[in-house]
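A.B. asks: compute the structure for the input listed below.
(one chain, ligands or ions: 1)
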Amino acid sequence: MEFPTFSMQHTQPAALLPTHSYKHRSLASQRRRAKYSVLRPVSCTAEAVKAEVAGRAAPTWKSSFREKYSLGRHVGSGSYGVVHVCIDEVTKQKAAVKILPKVRSKQQPQKTLKKLEREVALMARVSRQSRGITPLIDVYEDKNYVYIVMGLNEGGDLEQLLEKYGSFSERATATVMYECLKIISVCHANGVLLGDIKPANFMLRHRYRDPLKALESEHLGEGFLSAIDFGCSQAVGPAPLARRTGTPVYMSPETFRREYHLEADLWSLGMMMYQLIAGRFPFWPSVEQCRTRSLEEVMKAVIMEDIPVDYGPWLSVSPEGLSLLQGLLTRDPTQRLTAVEALEHPWFQRQIDSGGSAGDGQSAAGGGRNNIVPLMPAAPRGGSSEAGALRSMAA
Ligand SMILES: Nc1ncnc2c1ncn2[C@@H]1O[C@H](COP(=O)(O)OP(=O)(O)OP(=O)(O)O)[C@@H](O)[C@H]1O
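C.D. replies: From the prediction side, this is the model:
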């Protein structure tokens, strides 16, 4: 596939990702795209996925969580769920359990239950298809809660890494992005939109002494990164989706317009790439500023505002890296790279296969490998403090 290069000369003096489409497809790419798009209706009409997930793929909800597991330490909280370690009383195996209330304020219990069923069903649909998706182990319920038992990820999520270590080097970003794209391509081939792609929803499976260094220099093996949280996921068929779901600052322009398809995930991934490299979002210089924006302000920015790549960290990013970013942050979804196309982008070959010679392992933030400059201030996570643009809107 031919990818347009984005030379550094173009970034002077004020480089902006163009808001119009840029993609010039080769014939081979168009064929691949055609092949890929017929996958959608064949493997995954919304009805087929619903029927399948409601039937054999989805586990039966059991009612004896506390008989089977003992509850361990708290490992995380989201907008709705709290996550704990749990231990199988018989095998002594550790897992994670996400405990979600069946009643949410301002929402009918029936609707909440439907959402929970969808989250479990879609997770079940894809969890065994890729090592990069946290495996679903079991589901339990009692009068007030649903308990989703899943594989335990011990290395923290990418947002925690951003908060602790600051922005990622180009090479670490490429390692993460490649894994994310593999996960997304499996979900999309199964007709599942992830729906809430952001650093907080990808976790390192294992703990590393220096995680960013590990991402740059070690062969971490298949499935080192694990996708969590299918609370905003949807089964996708030929008809476009209309429900606005996800976390506003990562939502695609077409999601705001209530007419979107699988491509919306790739925009969100582009926004995540921007954040990993720059430690901020394109539209506001700090995460704090983003937190206080209304949905309308975020929507306006996502639909219309320039995406600057002419400052600090971007000046040392390779042309291939900028080209991938541009391919993902393309406002016209029909011109945006698909997951399969993005996986073939030469940036990955340069950064990963050749040991990051293009970026030379330098931190995109300007520091060296061992001198990563924290750009993003630590901020309280989850719960009511995480408002507006940074908070998930579940489907
Ligand atoms: N399998 C897991 N292993 C370890 N920690 C986990 C696991 N799943 C989730 N967590 C931790 O718990 C936090 C909350 O989980 P999750 O994002 O699924 O909850 P949520 O209520 O759906 O969140 P959101 O606000 O994104 O809707 C995560 O950010 C992560 O730190």
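
A.B. asks: the nearest residue to residue 261 once chain neighbours are set aside and the ligand, how far apart?
C.D. replies: Counting by C-beta to C-beta, 6 or more residues apart in numbering, residue 261 lies nearest to residue 240, which is 5.6 Å off, once chain neighbours are set aside. Any C-beta I mention is one placed from the backbone N, CA and C, and that applies to glycine too. To the ligand, residue 240 is 23 Å away according to C-beta to the nearest ligand atom, to the nearest Å.

A.B. asks: which pLDDT value goes with residue 240?
C.D. replies: We note a pLDDT of 97 for residue 240 in this prediction.

A.B. asks: dump the strand or helix carrying residue 216 to CSV, keeping only the CA atoms.
C.D. replies: Following DSSP states H and E, one finds residue 216 within helix 211-217. The C-alpha coordinates for helix 211-217 follow below in CSV (Å, rounded to 0.1, in the frame of the first residue of the first chain):
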residue,chain,number,x,y,z
PRO,A,211,7.2,0.0,31.6
LEU,A,212,8.1,2.7,29.0
LYS,A,213,11.6,1.3,28.6
ALA,A,214,10.1,-2.2,28.2
LEU,A,215,7.8,-0.9,25.5
GLU,A,216,10.8,0.5,23.7
SER,A,217,13.4,-2.1,24.0
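
A.B. asks: which helices and strands does it pack with?
C.D. replies: helix 158-165, helix 170-189 (3 or more C-beta pairs under 8 Å, 6 or more residues apart in numbering; DSSP states H and E).

A.B. asks: of the ones you listed, which is nearest the ligand?
C.D. replies: helix 158-165 (6.7 Å; C-beta to the nearest ligand atom).

A.B. asks: that closest one: how far from the chain's middle?
C.D. replies: Centroid separation between helix 158-165 and its chain, computed with C-alpha atoms, centre = their mean, to the nearest Å, is 15 Å.

A.B. asks: contact residues of this structure facing the ligand?
C.D. replies: For the chain, the residues in contact with the ligand (C-beta under 6 Å from any ligand atom) are 75-81, 83, 96, 98, 134, 150-153, 157, 200-201, 203, 228-229, 231, 392.

A.B. asks: still on that earlier bit, using JSON lines, lay out the helices and strands packed on helix 211-217 together with mean neighbour count and mean pLDDT.
C.D. replies: Shown next, in JSON lines, are these (neighbours: other C-beta atoms under 10 Å; pLDDT from 0 to 100):
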{"stretch": "helix 158-165", "mean neighbour count": "20", "mean pLDDT": "96"}
{"stretch": "helix 170-189", "mean neighbour count": "24", "mean pLDDT": "97"}
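
A.B. asks: which SSE is the spatially closest residue to residue 197 that is not a sequence neighbour in?
C.D. replies: Closest residue to residue 197 apart from its sequence neighbours, by C-beta to C-beta, 6+ apart: residue 268 at 3.8 Å. Secondary structure assignment for residue 268, by DSSP H and E: helix 263-278.

A.B. asks: pretty sure residue 175 contacts residue 214?
C.D. replies: No - in this structure residue 175 lies outside contact range of residue 214 using C-beta atoms under 8 Å: 9.1 Å.

A.B. asks: quick one, helices of the stretch 51-200 of the chain?
C.D. replies: Counting by DSSP state H, counting those that start in this stretch, one finds helices in the stretch 51-200 of the chain at the ranges 65-68, 109-127, 158-165, 170-189.

A.B. asks: report all helices and strands that the third one contacts.
C.D. replies: With contacts defined as 3+ C-beta pairs under 8 Å, 6+ apart, the secondary structure elements packing on helix 158-165 are strand 202-204, helix 211-217, helix 263-278.

A.B. asks: where in the chain is the helix or strand with the lowest mean pLDDT?
C.D. replies: Confidence across the helices and strands of the chain bottoms out at helix 27-44, with a mean of 35, counting by mean pLDDT, DSSP states H and E.

A.B. asks: tell me which residues touch the residue most central in space within the chain, please.
C.D. replies: For the chain, the residue nearest the mean C-alpha position is residue 197 (2.6 Å; C-alpha atoms, centre = their mean). Taking C-beta atoms under 8 Å, 6 or more residues apart in numbering, we find residue 197 in contact with 180, 184, 246, 250, 265, 268-269, 272.

A.B. asks: so which of those comes closest to the ligand?
C.D. replies: Taking the contacts of residue 197 together and measuring to the ligand by C-beta to the nearest ligand atom, the closest member is residue 246, at 9.4 Å.

A.B. asks: tally of neighbours for the closest one?
C.D. replies: Counted with other C-beta atoms under 10 Å, the neighbours of residue 246 add up to 28.

A.B. asks: is it in a bridge, and if so with what?
C.D. replies: Here residue 246 sits in beta bridges with residue 393, going by DSSP bridges.

A.B. asks: isn't it up against residue 231?
C.D. replies: No - using C-beta under 8 Å, residue 246 makes no contact with residue 231, being 10.0 Å away.
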